[in-house]
Structures are given as C-alpha cells and as structure tokens.
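Undergrad: Sequence and predicted structure below; questions after.
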Amino acid sequence: MFILDSLLIGSLRFVLDKVIAAAETEAQDDSALREQLLEAQMRLELGEISEEEFAAIERDVLIAIREIKGRQQGPISMSPDDKITGVDIQSYDESEK
Amino acid sequence: MHAVAEAAGGLRVLIVSTDPAHSLGDAFDTTLTATPGRLRASLDAVELDAPRAFTRWLADHRRPLGEILEHGTWLDREDVDALLDLSVPGVDELMGILEIDRLARGERKARKARQEKYDLIVVDTAPTGHTLRLLSAPETVAAVAEVLGDLQQEHRLIREQLARVGRPEAADRLIAVLADQARETAARLRDTDQTAFVWVTLPEELSLAEAGDGIAALERAGITVREVVVNRVLPDGGPCPICDRRRSDEAKVIAAIRRRFGRGRTVRIVPAAIKEPRGLTALASLARRRAEGLGLRAKDTKKPDRLRTQRVEIGQQPLAFSPKPFAEASLLFFGGKGGVGKTTVAAAVALWLARADRQRRVLLLSTDPAHSLADVFRAEIGDTARSIPGGPPNLAVRELDAAHALATRRAQFESALDEIAAAIGVEGGGGAIGTSELMRLAPPGIDELFGVLGVVDARGEYDVIVVDTAPTGHALRLLEMPEAAREWMQVLLRVLLKYRSLVRPGQLAAELVELSRSIRELIALLRDAKTTRFIAVTRAAELPRRETARLLTRLRRLHLAVSAIVANALTLAPRRCARCRAVRAAERRELTSLRKVCGGRCAIIQTPLAAPPPRGVAALNRWSKAWLAEP
C-alpha cells in the first residue's frame, strides 16, 4: 500500500509541478496572450466573431499583458548594502523646443 | 484577315481569341462562343472562356488533384475542396495555353469521329504584356507539375516500396500529362516550322517602343517573330496640314520599324479605313488585296517632308470641360482597348490633378506589364515611385514591375511559403514550392496581384492614386483581384486556425490579417463612387466602342462607378480635307452611339487629335488645356 501511495502521490506531484510550471510560464510570458489576440484577429477577419466580441477579447488580453509587464518589473527592492549617493534629474522646457 | 486568307487558300483554319476582352466576334460581325463555330467552309472561330475552361478542366481532374493535396499535406477533404474552389490568378493565360494545345491536338471526340485536326490555328492574343505572360505559361504549368510531383513523392514511395505497387495512379498520370503538355507546348512555340509569330502594331512612336520591348522579350524566350504588321496607316490623299503631318510622322515610324525589325522579317502595311473592316466580306477583300499586294503600300518609303514638320494640334478650341469626373476622387482607374491612348490621357489627368492642388500628393501607377509611361513622359521611370523632371514635385510616377517586385520580396515570400508549407504539413518545409521554378518565374496573374498590393501600399502615402491599367481584359482582372485575393487569404487563415495546435500561427498569420484588412478596406473603397472612379478611354470607332460597352457592363457588375468615357484623338476641326471630313462624320455617329452606351450615367469627354501625339510634360499640359478647364 505504501508503495502504491507513494507512486500515486509521486505522479500527482509530478503533474502538479508541471501545472504550476505552465502557470508560472504563462504568468511570466505574454506570448500565449499575443497568440490569443492574433487568433481573435484571424477570427474577426473570417467573420467568425463580431467587432464587439473582438473588442472584449482584446480588452481582456491587454489587461492580462499589462499585469504580466507589471509583475516582470516588480516592486523596487534594496539590499542593506545599497546606498543612495545622489539623484539624477533631467528637466525639459517646452518653450526651448 | 490572315485566317481568312489562309482558309481561302484551302487550309482548314481555326482562329482562337485568348484575350479575356474578346473582339474577334466584333471583327467578324458575328457572335462567337467558347466552342468552335463555323464562319465559312474550312474556317472556324472560337473565343476562349478561360474561367469556364478551368472549371471544366478542374471537374475532369478534381479527384487526382485532391488526392495529391491530401497525400502530400495534412489537409483534409474540406480544406482541399476550399482550395480547389478558389479562383486562380492568371487563369486566362494558363488555360489559354492548355486550350490551344488541346485544339492543336484535335479534340478527342473529333479524333474518334476520324476528323482531322485543323491545318492551321491562328491565335488572336491579348495585348503585349499579357501575350508575354501567355507565352511563358508553359513554364508555369511545368513548375506546377513539379510542385505536384514533390507533394506526391512520399505517397509514391510508400506505394512502391511498402505496398509494392508500381502502376501509376490517376494522380501520377495527371502530373505526367501536365509536364508533357508544358514541355510540348513550350517546344512547339519555339519551333519555327510549326509556329510563326506576327507582331501587329500601329505607326506611332509609343507602339514602336512597345514593339521593340515585346519583340526583344519574345526573341529572348526563343520565340521568333516572322512578320510585323503596321495597322491603320494613313493612306495617300489630298493636301491637308493635319494628314500631311501625320503621314510624315507615320513614315518616320515605319522607316524605323523597317530599320529595326525589317531584317529577316516581312513588314506589312495595312491602310487605315474610315470604317473599320468588319465581317467576312470586308476581311476577305482585305486578304485578297494583301495576296495581290495591292493598295497596301501606303507610301511608306517617302522621305519625311521638311516643310511639314510644324506641330499641328487639331481642334484647339478649349472644350472647357469641367473636371468633375476626376476631382475629389482618391482612386482613378483609366482603362480601355489596347492602343486607344489610355496612358496619354491618364498622364495628362495626373499632371492636371497635381497642378490643380500643389498640396495634393498624386501617384500615377502603371499596372500594364507593357508600360508606356516612360515613353509618354520621355523620362526614365521604374518600379520605385519618382518625380518627373520638369513635372510638378507633388506628382510621383511608378511603372509596376511585378517580376522585379517578386524578386526583391523573394525572401519574404519564401518565408511565407515556408510557414504555409509547415502549417499544411508539407514534408521538408517550403522547399517544394519555395525553391521551385515558380519563384523564379513571373507567373500569369502576378501583374494584377502586385497591382493591387501596389495600390494598398500607396494609399497611406498619396492623396490620389491614378492607375493606368493594362487593356480591358486585364484591367477587369485587376479589379476582380481584391475579391479573389481576399478569398485566398480567408482559406489560408482558416487552415492556419484549424491546425494551430500543430503549428503556431506566426508572422505569416499576422501579415495575412493585416493584408486581409487592407484589402477589405480597398474593396469598400472601390465600391464607393465618391472615392473611386473608372474612366473608360476609347476611340470613336465601332470596335473600341463595342468593347467599351462590354467593359461598362462588367464594371457595373463589379459595383464600380464609371464617371466618364474619354473619346480620344478626335478630328474636331476638319478643314477642307475630304478624308478628315469623312472621319469627323464617322466620329460624330460613333459619339451618338457612345452617349447611348453611357446612358446619361457618365460624362463624355472629347479630346482632340494631336500630331505629333503629346509627349513630355510640356506637351501633355498643352494638350490637356484643349479639353480640361484650367485648375
């Protein structure tokens, strides 16, 4: 029974790992989302979906892409060794243009 | 005339028209169909209907073709059917060459009935550019056979090695037949014992330049031109400033034709008749005169008279024509029968549009593979848009060179073909198609495809695009192309979506979506009478008028607005010359008929004959002042 259990748990764990990896990849990588958008564009050209349906898909995909981008940039973190030595400021005067 | 002469000489002759805009029936003053009809003893005539012939050919070969596609790809029956139902660009040339081959061999039924085939087949081809495409069609057929052979290869190996079946199946036989037909037709075209090419031209500088390019292209392809016919040469007559100037100009052109093309070739002169010869009797009489060598020697040996070289413009009274049909449009097409002066009129209007508003960016685009823009402007013009020396800076001119465009975008097309091949599961990627002859050829239909792409590309850059189209049949093909291209893109998109789990849609899918959208916009634009206008250019003579009437019917079916018919090169102010007066009277009658063709739905614009024809920016501007109100 023990062997069977460990086998079962082992394979379950394997599958779960894969699922988590796939989810992480999806969370980090927007290529799947881009493909989803391209697919929606193809369907729109073929008349399989309406402009409204496309707009809804496009909105969802863009939100998801933005989320990924946000996560990739992540919060600014500092290690205790980091020191702020100065601030670089660039000013831009509209009238000089 | 040639066919009538040979038939009278005792040969069994078939005359075939391969121009999608047929006028053979008009010439014989009868109605011709796609099956050979008897005109008189030993003379039959036929006007090919290429799309119908293709449907029939496809019906005969659908099963083996479908099998090749199913064996060589992972497409299923549904995909294959969708592909086979698509209209094929260049079908006129591809079917034209296969039909000529079929007729030359004699139809199977006829052979069974122990009837002999014809002794001679006279082919009346489409104007220059597309004749060159027709003559290169055997190479395209050979390339198609090669691609089909590659697709069939794996299946053939499996049958031979695993099933040990050596007997060729229907698909193998079809590939072999296509390859044979292509080889034999290509050889027959180049066999001087079997084929003679007669070049028919007009005694005009523009036609001379076109003849030069055309004959050179034929000779490069190994096809010999035996005879040059100069048609509609002004015959001798009483003194007249107009006719004299024209005779002198024509004599110069004829002398140049003899000098450039006369060596080893017969040069024949056919005089201009006030009423075009129509019907068997008129043609037979012309043929008899040719045989007897009578009356056809318009004095072409006469030296140009120095006293008569002043420029004559006929009917210089301003017609103050309101340019409504041109103004405000963003897409203007000029089309009509070969040799009526489309390019000259299109060039004059493009110059006028650019002068009228210096802020307006105008592109004049020629989509006729036999370009004349460079000759009309007397300037160097190529495949990239450029301005004309001495012309307005807001006018750009481009002579579309489809073969060149294909070559420069070859890498792009190859990667697209690779993606298609991968998406449909062709072994070894796009190798079968990409590296085949197809990419090295300029296959028939390519001029229309790139013409449409040229318009799509230019739309963002220019406010007005003036398109100087190829003669009638192929202008219609160009206008049908957006719909056909969209159907192709839809089938491809559907296939890419269907197999997306096997092959992820990539660059190609994104480009197809983009292109499909642009073409959808173009189709909407074409149907919008506010933005798109078609101007039919014609001469006030019966044959061009009949062709114009058919053109208008076809354009209306395509939902295209025809805003004007230009009756070009009219003898508006005949002086005392009897010939000019007779011509004017005939033109007046034709103008009345043209108004009926228009049915009050378009303007009739009359342009005066100019001798010499207007060439170069200054001359074109001067000429258009006589019929277009100044901006």
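TA: That came through fine.

Undergrad: Just say helix, strand or coil for B:I121.
TA: Following DSSP: H, G, I helix; E, B strand; the rest coil, B:I121 is assigned to strand.

Undergrad: I should have written B:T548 there, sorry.
TA: B:T548 - assigned by three-state DSSP - is helix.

Undergrad: Check the spacing between it and chain A real quick.
TA: Using C-beta to the nearest C-beta, to the nearest Å, we find B:T548 at a distance of 37 Å from chain A. The C-beta positions use only the backbone N, C-alpha and C, and glycine is treated the same way.

Undergrad: Which residue, neighbours along the chain excluded, lies closest to that residue?
TA: B:T538 (4.5 Å; C-beta to C-beta, 6 or more residues apart in numbering or on different chains).

Undergrad: Can you check the pLDDT for the one you found?
TA: The model reports B:T538 with a pLDDT of 97.

Undergrad: Please apply the same query to A:I84.
TA: At A:I84, pLDDT is 59.

Undergrad: near chain B, which residues of chain A?
TA: Where chain A comes near chain B, counting by C-beta under 8 Å from any C-beta of the partner chain, the residues are A:E35, A:L38, A:E39, A:Q41, A:M42, A:R43, A:E45, A:L46.

Undergrad: so where's the chain uncertain?
TA: Just so you know, I chose chain A. A:1-16, A:18-28, A:74-97 (pLDDT under 70).

Undergrad: Hmm, no, I was thinking of chain B.
TA: Applying pLDDT under 70 to chain B flags residues B:106-116, B:290-324, B:427-441.

Undergrad: let's go with 50 and repeat that
TA: B:108, B:111, B:113-114, B:293-320, B:429-430 (pLDDT under 50).

Undergrad: what does it have sitting close to chain A?
TA: B:489-490, B:493-494, B:496-497, B:500, B:504-505, B:509-510, B:512-513, B:516-517, B:520.

Undergrad: which of those are buried?
TA: B:489-490, B:493-494, B:496-497, B:500, B:504-505, B:509, B:512-513, B:516 (16 or more other C-beta atoms under 10 Å in any protein chain shown).

Undergrad: Helix, strand, or coil at B:V200?
TA: strand.

Undergrad: what's near enough to touch it?
TA: B:V228, B:V229, B:N231 (C-beta atoms under 8 Å, 6 or more residues apart in numbering or on different chains).

Undergrad: Please apply the same query to B:L208.
TA: B:L208 neighbours (C-beta under 8 Å, 6+ apart): B:T201, B:V253, B:A256, B:I257, B:R260.

Undergrad: Could you check which helix or strand contains the second one?
TA: Read that as B:V253. helix B:241-261 (DSSP states H and E).

Undergrad: Just give the strands next to the helix or strand hosting the residue nearest to B:T548 in its sheet, each with its orientation.
TA: Using DSSP H and E, B:T538 sits in strand B:532-539. Using DSSP bridges, the strands paired with strand B:532-539 in its sheet are strand B:331-335 (parallel), strand B:562-570 (parallel).

Undergrad: what's the most buried one of these?
TA: Stretch with highest mean neighbour count among those: strand B:331-335 (a mean of 26; mean count of other C-beta atoms under 10 Å in any protein chain shown).

Undergrad: May I have the helix or strand following that one exported as PDB, CA atoms only?
TA: For strand B:331-335, the succeeding helix or strand toward the C-terminus, using DSSP H and E, is helix B:342-356. Extracted in PDB, the C-alpha atoms of helix B:342-356 (Å, rounded to 0.1, in the frame of the first residue of the first chain):
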ATOM      1  CA  LYS B 342      -5.100  55.300 -72.100                       C
ATOM      2  CA  THR B 343      -1.600  56.100 -70.900                       C
ATOM      3  CA  THR B 344      -1.500  59.600 -72.600                       C
ATOM      4  CA  VAL B 345      -4.900  60.500 -71.100                       C
ATOM      5  CA  ALA B 346      -4.000  59.200 -67.700                       C
ATOM      6  CA  ALA B 347      -0.700  61.100 -67.700                       C
ATOM      7  CA  ALA B 348      -2.400  64.300 -68.700                       C
ATOM      8  CA  VAL B 349      -5.000  63.900 -66.000                       C
ATOM      9  CA  ALA B 350      -2.400  63.100 -63.300                       C
ATOM     10  CA  LEU B 351      -0.400  66.200 -64.300                       C
ATOM     11  CA  TRP B 352      -3.600  68.300 -64.100                       C
ATOM     12  CA  LEU B 353      -4.500  66.900 -60.700                       C
ATOM     13  CA  ALA B 354      -1.000  67.700 -59.300                       C
ATOM     14  CA  ARG B 355      -1.100  71.200 -60.800                       C
ATOM     15  CA  ALA B 356      -4.700  71.900 -59.500                       C
END
